[in-house]
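# pasting the sequence and the predicted coordinates here, then a few questions.
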Amino acid sequence: MANSNHIKNDLFLRALKGETVQRPPVWMMRQAGRYLPEFMAIKEEYDFFTRCQTPELASEITVQPIRRFGMDAAILFSDILVVPQAMNIEVQMKSNFGPYLPNPIRNQKDLDSVIIPDVNQELGYVMEAIKMTKEKLNNEIPLIGFAGSPWTILCYCVQGQGSKTFDKAKELCFTNPVVAHALLQKITDTTIAYLKAKVAAGVDAVQIFDSWGGMLSPTDYETFSWQYIQQIIDALKDNIPVIAFGKGCWFALHTMARSGASALGVDWTCSARNARYLSGGNITLQGNFDPARLLSPPAEIKKMVHQMINEFGKDKYIVNLGHGILPNIPLENAKAFVDAVKEYKSAF
Ligand code: CP3
């Protein structure tokens, strides 16, 4: 992309291209969030969707962790659930509960009310937030845009809330696959238009979060999740680097590696060695520190991060957590994680 060529710290973009780097880049999933006091101050004053829908607030929250810790990439503050919201599905964010969708999609009649929106109109606030964030970042580091995978979005749309099993989401897939696939396709079409609009607004890479892909068997994963992610990658890959993150999806790394994605996210249940083996050894990998390991003392975090880089190798690698940062992580521990990467020397 035209913008990316001017970015001063291009470690992240070079790692996505598989180029040789001095050290790997680092960012943290959910890095803009509740472990930061400056985020909590904004949260006190504005509810969740106001923060998402106000470009001044969303861009401010996006750059907060960068100012404090100096990661090599920023990720836009938003949520994967703004997509179903734009598709005419009501989404609430309840405190101490999480997402709540009062009218879940359970049958054909429910599905008929789901629209494929004009993303520039319904989600224009996201595009404005991207433009404002790009100005604030001043081409120092790249900006990542994101979307949920169609399967992960379906999980919330059908279940109506978070779940340990997403049994109602699975029930729809297994008892009424026609409706499930029609919903997945509507989400896919919307997501493709949405991510293309994000690229036009200025993001430098996109990540697809398949947070609940690992809830499916390998066969059902192919049917209900992967084929839709592949459609998104096909539509985007010639314009922008795509990172595919599937939590618990180590079994699909072989397929994912041949998808045209620039990088694959892995969680901490898969060793670096296994992830390299399963993905064929040639594609950039991102991950995979156990988010709870950020509770270890800073000196131990640094040692473990250096070990993790040695295991993945410094090239074709993006240092990250294996899932989002937890709210109870001390600031100095998050700092130790980022600093450890910056202090990394291949001789370790
Ligand atoms: O990474 C970032 O810093 C950017 C912001 C971001 C948020 N959500 C902000 C948020 C991103 C990338 C997401 C993605 C997201 N949202 C995912 C995929 C990644 C993952 O963690 O698996 C999912 C599954 C969601 C859905 C969602 N949103 C849940 C389950 C919850 C409640 C639980 C939680 O994590 O807090 C949210 C709310 C949410 N999204 C918060 C934030 C900062 C916390 C609520 C608040 O700030 O009021």
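Received, thanks.
# what is the burial count for the closest residue to Glu311 other than its chain neighbours?
On the basis of Cβ to Cβ, 6 or more residues apart in numbering, the spatially nearest residue to Glu311 that is not a chain neighbour turns out to be Ala272, at 3.7 Å. In this view, the C-beta of every residue, glycine as well, is placed from N, C-alpha and C. Neighbourhood size, Ala272 [other Cβ atoms under 10 Å]: 19.
# you'd agree Ala272 is up against Lys314?
No. Taking Cβ atoms under 8 Å as the contact criterion, Ala272 and Lys314 are not neighbours in contact, 12.0 Å apart.
# what's the single longest helix in this protein?
If each helix of the chain is counted by residues according to DSSP state H, the longest one is helix 177-201.
# now that helix, how far from the centre of its chain.
Taking the mean of its C-alpha atoms, helix 177-201 sits 16 Å from the chain's own mean (Cα atoms, centre = their mean, to the nearest Å).
# which other residues reach it?
The contact list for helix 177-201 (Cβ atoms under 8 Å, 6 or more residues apart in numbering) reads 1, 83-84, 86-87, 105, 107-108, 111, 114, 116-117, 119-120, 123, 126-128, 130-131, 145, 147-148, 150-151, 153-154, 157-158, 172-173, 206, 224, 228, 231-232, 235-236, 239-240.
# of those, which are in range of the ligand?
On the criterion Cβ under 6 Å from any ligand atom, Gly148 are the entries of those that sit beside the ligand.
# filter the contacts of helix 177-201 to the buried ones?
Among those, those buried by neighbour count (16 or more other Cβ atoms under 10 Å) are 1, 83-84, 86-87, 105, 111, 114, 117, 119, 123, 126-128, 130, 145, 147-148, 150-151, 153-154, 157-158, 172-173, 206, 224, 228, 231-232, 235-236, 240.
# inside strands: which ones of the residues you listed?
Counting by DSSP state E, the part of the buried ones among the contacts of helix 177-201 found in strands is 145, 147-148, 206.
# and which of those residues is nearest to the ligand?
Using Cβ to the nearest ligand atom, Gly148 is the member of those that lies nearest the ligand, at 6.0 Å.
# any idea which element the nearest residue to that closest one once chain neighbours are set aside lies in?
Distance criterion Cβ to Cβ, 6+ apart; nearest residue to Gly148, sequence neighbours excluded, is Ile80 at 3.2 Å. Remark: Ile80 resides in no helix or strand, with elements defined by DSSP states H and E.
# just want the phi and psi numbers for the residue of the stretch 101-250 of the chain found nearest the ligand.
Of the stretch 101-250 of the chain, the residue with the smallest distance to the ligand, taken as Cβ to the nearest ligand atom, is Ser211 at 3.2 Å. Torsion angles at Ser211 (phi, psi; degrees, to the nearest 10) stand at phi -60, psi -30.
# touching, it and Ala147? I think so.
No. The pair formed by Ser211 and Ala147 falls short of the contact definition of Cβ under 8 Å, at 11.7 Å.
# now for Leu183, how many residues are close by?
A count of nearby residues for Leu183, using other Cβ under 10 Å, gives 25.
# just the CA trace of stretch 158-173, in PDB.
Extracted in PDB, the C-alpha atoms of stretch 158-173 (Å, rounded to 0.1, in the frame of the first residue of the first chain):
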ATOM      1  CA  VAL A 158     -26.900 -17.400  17.400                       C
ATOM      2  CA  GLN A 159     -25.900 -18.000  21.000                       C
ATOM      3  CA  GLY A 160     -26.800 -14.400  22.000                       C
ATOM      4  CA  GLN A 161     -24.000 -14.200  24.400                       C
ATOM      5  CA  GLY A 162     -20.600 -15.600  25.300                       C
ATOM      6  CA  SER A 163     -20.400 -19.300  26.100                       C
ATOM      7  CA  LYS A 164     -18.100 -22.100  27.100                       C
ATOM      8  CA  THR A 165     -19.600 -24.500  24.500                       C
ATOM      9  CA  PHE A 166     -21.600 -22.300  22.000                       C
ATOM     10  CA  ASP A 167     -24.000 -25.200  22.000                       C
ATOM     11  CA  LYS A 168     -26.900 -23.200  20.400                       C
ATOM     12  CA  ALA A 169     -24.600 -22.000  17.600                       C
ATOM     13  CA  LYS A 170     -23.500 -25.600  16.900                       C
ATOM     14  CA  GLU A 171     -27.100 -26.800  17.200                       C
ATOM     15  CA  LEU A 172     -28.200 -24.400  14.400                       C
ATOM     16  CA  CYS A 173     -25.200 -25.500  12.200                       C
END
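# what residues of that stretch count as buried?
Result for stretch 158-173 [16+ other Cβ under 10 Å]: buried residues 158-161, 163, 166, 168-170, 172-173.
# residues contacting it, please?
Looking at stretch 158-173 with Cβ under 8 Å, 6+ apart, the contacting residues turn out to be 97-106, 154-156, 179-180, 183, 212, 215-216, 220, 224.
# go again with 7 Å.
By Cβ atoms under 7 Å, 6 or more residues apart in numbering, the surrounding residues in contact with stretch 158-173 are 98-101, 104-106, 154-155, 179-180, 212, 215, 224.
# ok, now stretch 310-324?
If you take Cβ under 7 Å, 6+ apart as the criterion, stretch 310-324 is touched by 12, 15, 18, 20-21, 23-30, 247, 263, 266-268, 272-273, 283-291, 305, 309, 341, 346, 348.
# now, which of the residues you listed lie close to the ligand?
With the criterion set as Cβ under 6 Å from any ligand atom, the members of the contacts of stretch 310-324 near the ligand are 29-30.
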